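Q: Give me a model of this one.
(2 chains)
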Amino acid sequence: MPGITNLSRREFIACTGAATALVLGAHLVTRSVHAEAGEIESTAPNVFVRIDRDGTVTLTCSRSEMGQGVRTGMPMIIADELEADWERVTIWQAPGDAEKYDPAGIDGQNTDGSRSTRHSFGAMRELGASARDVLERAAAMHWSVDRSEVFARNHRLHLKGTKESLDFGDVVHIAADLDAQTDTTKLALKDPADWKYIGKDMPVVDNFAMSTGGANYGADINLPNLKIAVMARCPVYRGRVKSYDATEALKVPGVEHVIEIPAPDIDQAIEFRALGGIAVVGTNTWSVMQGRDKLSIEWDRGPFASHDSAEYDDTLRASARKGGRTVRSRGDVDAAFENADRVVESDYFVPYFAHTTMEPPAAVVDATSHPVRVWAATQAPMETRQYVAEALGVDRSDVHCEVTLLGGGFGRKSKCDFSYEAALISKQVNAPVRIQWTREDDIQNGFYHAVSAQYLKAGLDLEGRVVAWQQHAAWPSFFSLWNPVLLDPSELEMGLGLVDIPYNSIPNIRIQTGEAEAMIRIGWYRSVNNIQHAFAMNSFVAELAAAAKRDFLDMMLELIGDDDVMDVAKDDVEGFWNYGDSVEDWPIMPKRLANTLRVVAAKSGYGKADLPDGQAIGLACHRSFHSYVATAVRAKVDAGGKLHVPRVDVAIDCGRYVNPEGIRKQLEGATVFAHSVARHGKITVQNGAVQQSNFHDYALSRMSDAPLDVRVHLIEDFKHLRPCGVGEPGVPPYSPALANAIYMITGKRLKSLPLKIS
Amino acid sequence: MISLRINGASQEYSGDPNMPILWYVRDELGLSGTKFGCGKALCGACTVHLNGQAVRSCVTPVVAAEGGEITTIEGLDAEGMHPVQSAWRQHNVPQCGYCQSGQIMQAAALLSANANPTDAEIIESMKGNICRCGTYQRILAAIKTAAGGG
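A: You can find the predicted model right below:
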């Protein structure tokens, strides 16, 4: 997860090119074991590029594919600079090996924080250019000419001024003896005008496998003598087994073992460790699921059995009202309220959400092999190695982790508790084990998006301008996984749309946080705290606009202003967490946010369209993961009071981009994901236990209610700037845009998610 | 002993007759294209065809297929070129891909029963299949293409 360690220094290294140089230094020559002595079958100028004698180029994808398109996007960058023919490129998924694939420690090979492309863009270009350089030098040797006489174009090497050319594969045997250029300043990168893949629409490389059942996820890994396991876990976080009876479970044909997996000591942080419980292990999934149903377990429900949403939520609301810790301060808010013509106050609330990836967590661990082998649907292969090593009492270097495709991630699969469980079970039964979570496990024993309460107060002057903005927020921190007594949110979480609130023209701003105890596993979830911050802020601006009898767009543009850069350090924000990046390279730029809002307003017909009765267009905008997104939701409430969303327009400014088709897909998907957040998602707890269990009571958007006309507008104005995140920024603006549309239709301001019209 | 056909091949099954077809094809036959999503017929990730009808294999016991014909995503078309599969690729539908086997099987069953469904008919048929990545817009477009209308 970003920010668990301080990334700033590492970022510096990455930006100087040293990181690439380390990777470029890993020059490999591979010779097929079946080849005749000395015959070179392929060459790997660096660990991301391999070229075979037949010209096949194999590019490494070192980050996890969970639907965001990284297996297409990152290789596109390398292929472009390499001058490879995409039709002759294959993708190889790297195992967890950060020493090789993330030598500068930029992200520990984790896939999260919408950062794979923005952090690797420069390095991927250099890796491709370096491999091209090796091939060009090899061709120059073949022709006995100076290197400057050779250039690569579409998988061939050309001799200038002649019609002579060679296929990449033709020079593999020469290239294998050449060292890669490790001084990145000496590499000739292509002029962006000459890019043939970067910036162009590219279909996903796994389309065929995914449309024919050939794509392999965590549960699809099979091994000889593989055992299948499911676990019964205490319904209450940190509860433990008091006693159990396995007699009936063991009578189920196919069930071979029923074993206890001990819970960590209560004074030990849970981190990504197994929760503990009873594992049922056998020959097939159906048998062990049936066996689990027949277990008789008495639980010690532990310290969080008193966790009850009704009471907890009220405590959280009170904490938000109270605030207490000032985390951003500009001007004199109190004086401004004194002098204001009018003061408006409001409270907002967002509940727990469960990730509900379509693929419930699954992993295979073989603790009997050396090294220990893991196949996991994981966003964090290095942490998987680390925690599996801990589970087994071995060194991390003795654990190998292959990364399968992920059937959705959304942050759930950053947590490697399921691999930890499989490791403990595999060790006990002395066989390779696949852990299979059921949907009930996923919803009831997950890591939850932090429930949150917000209190907002603003002062308006006589002209209806906002002169003071006060915002308090309280939520349990996900760092409670490591520090259970934590009551204050982290700098990282405050950087997710709270202290970086972009209303730069407001002269007086005060942001405070309130305390909150974590009583369940809190975990980051697609877009993280940006969801509740964007919901509250954009909704509240609409409240202010209504109070001042002004147009939302007009007021929002006024609040954001058109400054190039907003510097929160000037507002006494300490330790500002800018998605792990420097504010010099990725500043907060209000003018870009205003631009996206103007674009989406124009594209959607906001303020112009002559809409039928019962319809309205609601707007919202938010910066997250360095990208600027504005959403226009056209909502309709029919005569029966039912909500429909006939159209959504989304404008995104994500700086330099790689695959526009991938971006459109991410924003279409983020809109549907956000529709679940806005309309369905709600996890509640009673007596310590999650009350929902499957899709009948934890609903998700379906084709019958999801937006089916999402129009994405990719903004080019700031394309010369660095790449920014794409996977997550589409989610936050949707809920408030929908709430604003509902208000325009019904006159009712909805302040809690999910939005309930009646 | 239960006799049935899976993707055109005869199979004899002697295990628990109540084992859902999902776990039979995945664990016993190694056909992993059919996915587990909910176990309660709530999400459609496990959709297969039983005698040409789309069924949720997570709640359909093997015994229900006795003497019948099951088709999984692996058997929809030997070359993976069923019109629905081709349309899926043309529209670049999948994101994570996990639910797509079930979506495709549901769509293929719809089109075999109704060659030219309206949008409302498509939505009615597909609303039991959840896609957490949110690819519905492209699924709708792909089904219309496969039907020859888009």
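Q: Please make it C-alpha for all contacts and neighbour counts, starting now.
A: Noted.
Q: okay, now the domains of chain A?
A: Domains of chain A are assigned by automatic domain parsing as A:8-207, A:220-303+A:361-436, A:309-354+A:447-746.
Q: For B:Ala41, find the nearest of those domains.
A: domain A:309-354+A:447-746 (9.4 Å; C-alpha to C-alpha).
Q: which residues sit in contact with the nearest residue to A:Asp551 once chain neighbours are set aside?
A: The spatial neighbour of A:Asp551 that comes closest, neighbours along the chain excluded (C-alpha to C-alpha, 6 or more residues apart in numbering or on different chains), is A:Ala545 at 5.9 Å. When contacts are counted by C-alpha atoms under 8 Å, 6 or more residues apart in numbering or on different chains, A:Ala545 touches A:464, A:551-552, A:555.
Q: Can you check the pLDDT for A:Ala545?
A: For A:Ala545, the model assigns a pLDDT of 98.
Q: just to revisit the earlier point, could you export the contacts of A:Ala545 as JSON lines, including neighbour count?
A: Below are those laid out as JSON lines (neighbours: other C-alpha atoms under 10 Å in any protein chain shown):
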{"residue": "A:Gly464", "neighbour count": "19"}
{"residue": "A:Asp551", "neighbour count": "13"}
{"residue": "A:Phe552", "neighbour count": "22"}
{"residue": "A:Met555", "neighbour count": "19"}
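Q: now, which of the residues you listed sits nearest B:Cys96?
A: A:Phe552 (36.6 Å).
Q: Run through the residues that contact the closest one.
A: Contacts of A:Phe552 (C-alpha under 8 Å, 6+ apart): A:541-542, A:545-546, A:619.
Q: just how off-centre is the helix ranked longest in chain B within its chain?
A: Criterion DSSP state H: the longest helix present in chain B is helix B:100-113. In terms of C-alpha atoms, centre = their mean, to the nearest Å, the centre of helix B:100-113 is found 6 Å from the chain centre.
Q: following it, which helix or strand shows up next?
A: Sequence order places helix B:119-126 as the next helix or strand after helix B:100-113, per DSSP states H and E.
Q: where does the chain dip in pLDDT?
A: This is for chain A. By pLDDT under 70, the low-scoring segments of chain A are A:1-22, A:25-38.
Q: Let me rephrase: I mean chain B.
A: The model of chain B has pLDDT under 70 over residues B:149-150.
Q: picking that back up, can you confirm the residue nearest to A:Asp551 is in a helix?
A: Yes. Assessed with DSSP: H, G, I helix; E, B strand; the rest coil, A:Ala545 lies in a helix.
Q: Quick check: phi and psi at the closest residue to B:Arg138 other than its chain neighbours.
A: In this structure, B:Arg138 finds its nearest non-sequential neighbour in B:Val93, 5.5 Å apart by C-alpha to C-alpha, 6+ apart. Main-chain torsions, B:Val93, degrees, to the nearest 10: phi -70, psi -50.
Q: So what's the residue count around B:Val93?
A: Around B:Val93 there are 27 other residues, counting by other C-alpha atoms under 10 Å in any protein chain shown.
Q: Who are the contact partners of it?
A: By C-alpha under 8 Å, 6+ apart, B:Val93 lies in contact with A:207, B:135, B:138-139, B:142.
Q: related to what we said a few turns ago, adding distance to B:Ser14, write the domains of chain A out as JSON lines.
A: Formatted as JSON lines, the domains of chain A follow (distance: least, C-alpha to C-alpha, whole Å):
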{"stretch": "domain A:8-207", "distance to B:Ser14": "36"}
{"stretch": "domain A:220-303+A:361-436", "distance to B:Ser14": "12"}
{"stretch": "domain A:309-354+A:447-746", "distance to B:Ser14": "31"}
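Q: quick one, which of the ones you listed is nearest to B:Asn51?
A: Of the domains of chain A, nearest to B:Asn51 by C-alpha to C-alpha is domain A:220-303+A:361-436, at 23.3 Å.
Q: so A:Ala739 sits right up against A:Val541, yeah?
A: No. Counting by C-alpha atoms under 8 Å, A:Ala739 stays clear of A:Val541, with 11.8 Å between them.
Q: who has more neighbours, those two?
A: Counted by other C-alpha under 10 Å, A:Ala739 and A:Val541 do not tie: A:Ala739 has more neighbours, with 31 against 20.
Q: And the spatially closest residue to that one that is not a sequence neighbour, how close does it get to chain B?
A: Among residues not flanking A:Ala739 along the chain, A:Leu750 sits closest, at 6.3 Å (C-alpha to C-alpha, 6+ apart). Using C-alpha to the nearest C-alpha, to the nearest Å, one gets 24 Å for the distance from A:Leu750 to chain B.
Q: same check, this time on A:Val685
A: From A:Val685 across to chain B, the span is 21 Å (C-alpha to the nearest C-alpha).
Q: Ok, A:Ala391 next?
A: With distances taken as C-alpha to the nearest C-alpha, A:Ala391 is found 27 Å from chain B.
Q: isn't that residue right next to A:Ala422, touching?
A: No. Counting by C-alpha under 8 Å, A:Ala391 stays clear of A:Ala422, with 9.4 Å between them.
Q: Show me chain B divided up by domain.
A: Using automatic domain parsing, the domain parsing of chain B gives B:2-75, B:83-146.
Q: ok now do the residue nearest the centre of chain B, which residues does it touch?
A: Central residue of chain B (C-alpha atoms, centre = their mean): B:Met105, 2.8 Å from the mean position. Contacts here follow C-alpha under 8 Å, 6+ apart; on that basis B:Met105 touches B:47-49, B:54, B:72-73, B:76.
Q: Of these, which are in range of chain A?
A: Counting by C-alpha under 8 Å from any C-alpha of the partner chain, B:Ile73 from the contacts of B:Met105 sit close to chain A.
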